[in-house]
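Novice: can you look at this prediction? I've put the sequence above it.
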Amino acid sequence: MEAKLAACVSLLPIHSIYTWQGELHKEQEWQLLIKADLAQFPAMEAKIKELHSYEVSEIIALPIVASSQAYLQWISQQVKSKE
């Protein structure tokens, strides 16, 4: 948030079951839903990799299928410009 890469971050506690390096893992984790402009994705990905302890973090972008123009404008106003 301080780097102005996102407009909002929601933190959700989750229970994950996954295979890593051939072993089954069951972990309590935090899922972050980061509302941001897609143009910020490369910088956000770099920041997450810098801060996160996982060797391979789940960093994905999902499309907004529909949204109010006011909400999209708010997101754009919150993130720093690429310039």
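Specialist: Yep, that arrived.
Novice: would you list every one of the strands in this protein?
Specialist: Assigned strands in the chain, in chain order: 8-20, 23-35 (criterion: DSSP state E).
Novice: just want the most central residue of this protein.
Specialist: The chain has residue 34 as the residue nearest its centroid, 4.1 Å off, counting by Cα atoms, centre = their mean.
Novice: list the contacts of that residue.
Specialist: 6, 8, 9, 44 (Cβ atoms under 8 Å, 6 or more residues apart in numbering). C-beta coordinates here come from the backbone N, C-alpha and C atoms, glycine included.
Novice: any chance of the strands of the chain in CSV with distance to residue 73 and mean pLDDT as columns?
Specialist: Formatted as CSV, the strands of the chain follow (distance: least, Cβ to Cβ, whole Å; pLDDT from 0 to 100):
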stretch, distance to residue 73, mean pLDDT
strand 8-20, 14, 96
strand 23-35, 13, 96
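Novice: now these as TSV including distance to residue 57?
Specialist: What follows is those, written out as TSV (distance: least, Cβ to Cβ, whole Å):
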stretch	distance to residue 57
strand 8-20	12
strand 23-35	10
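Novice: what's the closest of the ones you listed to residue 56?
Specialist: strand 8-20 (8.2 Å; Cβ to Cβ).
Novice: partner strands of the closest one and their direction?
Specialist: strand 23-35 (antiparallel) (DSSP bridges).
Novice: residues of the strand it pairs with that come out buried?
Specialist: Neighbour counts over strand 23-35 (16 or more other Cβ atoms under 10 Å) mark 34, 35 as buried.
Novice: likewise stretch 61-77?
Specialist: Applying 16+ other Cβ under 10 Å to stretch 61-77 flags residue 75 as buried.
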